[in-house]
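Colleague: turn this into a structure:
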Amino acid sequence: MSLDVVTLEVSGHVAVATLNRPPVNAMNWAMRERLIEIFDQATDREDIRVVVLTAQGRVFCAGADLKQRPDPNRHGQSWWHNRLTRETGNAIKECAKPVIAAVNGPALGAGFGLMAACDIMLAAEEAVFGMPEIDVGLAGGAAMLRELVGRSRQRRMMYTGMKLTAAELYRLGVIEACLPREDLLPEAMRIAQEIAGKSPLGIKYAKLSCNMVELMPQKDAYRFEQNFTFELSKTEDALEARRAQLEKRKPVFKGR
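Modeller: Model prediction:
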């Protein structure tokens with residue numbers, strides 16, 4: 001597996017993972033394996049509290065690499081390919097650290113799915129989004145689109161390959177911001193640094209809460225979160241946060 005297809009830089013508890021497969025960052029097996037590795041490692045690394053996912057060039061990700069499709073004549077390869085595809089997004093969703101997407105250009109198919117797996121999503125004004133699988137005789141993306149857009153728009157995108165602009169996704173409340181390209185990464189880093197300054201344990205359980213309550217009725221979800229709040233209240237970080245507020249100073253968190 002090449003480490004160059006997705007690079008990783010860490011500074012000040014913020015990791016920046018950059019898709020690096022020119023010219024359009026098409027998703028191949030090596031890129032998927034590298035992304036899974038990065039986000040699994042981020043869960044365990046104490047020097048990482050937030051991950052920013054972005055890409056080099058003017059395209060975030062043009063989708064899956066059509067030159068690297070599973071061979072139906074090789075037993076098991078299609079199932080392995082599908083599993084690898086699923087786990088790419090799951091690695092982002094299940095990462096214990098928040099992930100911020102800084103989408104610098106078009107995000108299509110698998111690229112759109114990458115963004116959708118992130119916790120907070122920002123995009124450059126030039127970015128466009130779509131699920132073009134229908135144009136190559138395939139279908140996919142309904143499970144992801146239903147979390148982002150309404151029923152009619154989901155189906156129109158699936159049936160026609162219709163693309164949406166970053167401005168439209170911002171108008172719909174899907175993404176956090178639609179920015180000039182030069183402002184995109186600085187704004188993503190600003191948000192990342194703000195999150196990195198919070199209690200690591202608090203953030204860990206905040207993300208777990210966000211993931212889990214989506215699957216629960218409201219009554220059960222509220223009780224689920226209360227259990228986390230109770231356990232967190234006994235941690236050193238929670239005590240330090242309360243002391244810092246009373247003493248009007250910045251807290252020093254230890255992740256305990």
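Colleague: break down the chain into its helices, ranges please.
Modeller: 29-44, 77-94, 110-116, 142-145, 151-160, 166-171, 181-196, 200-213, 218-232, 236-247 (DSSP state H).
Colleague: kindly reformat those helices as CSV and extend each row with mean neighbour count, distance to Glu125 and mean pLDDT.
Modeller: C-beta coordinates here come from the backbone N, C-alpha and C atoms, glycine included. Rendered in CSV, the data for the helices of the chain read as follows (neighbours: other Cβ atoms under 10 Å; distance: least, Cβ to Cβ, whole Å; pLDDT from 0 to 100):
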stretch, mean neighbour count, distance to Glu125, mean pLDDT
helix 29-44, 19, 26, 97
helix 77-94, 16, 24, 94
helix 110-116, 25, 15, 96
helix 142-145, 15, 22, 90
helix 151-160, 14, 20, 94
helix 166-171, 18, 6, 97
helix 181-196, 17, 7, 98
helix 200-213, 17, 27, 90
helix 218-232, 12, 36, 82
helix 236-247, 13, 37, 78
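Colleague: with distance to Ile100 as added columns, please give those in TSV.
Modeller: As requested, the helices of the chain are arranged in TSV below (distance: least, Cβ to Cβ, whole Å):
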stretch	distance to Ile100
helix 29-44	12
helix 77-94	11
helix 110-116	10
helix 142-145	18
helix 151-160	24
helix 166-171	15
helix 181-196	5
helix 200-213	12
helix 218-232	22
helix 236-247	22
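Colleague: nearest to Thr54, out of those helices?
Modeller: For Thr54, the closest of those is helix 181-196, at 6.2 Å, according to Cβ to Cβ.
Colleague: residues making contact with the closest one?
Modeller: Helix 181-196 is touched from outside by 12-14, 16, 49-52, 54, 98, 100-104, 120, 122-126, 176-177, 179, 203, with contacts defined as Cβ atoms under 8 Å, 6 or more residues apart in numbering.
Colleague: drop anything exposed from those.
Modeller: Buried by 16 or more other Cβ atoms under 10 Å: 13-14, 16, 49-52, 54, 98, 100-104, 120, 122-124, 126, 176-177, 179, 203, out of the contacts of helix 181-196.
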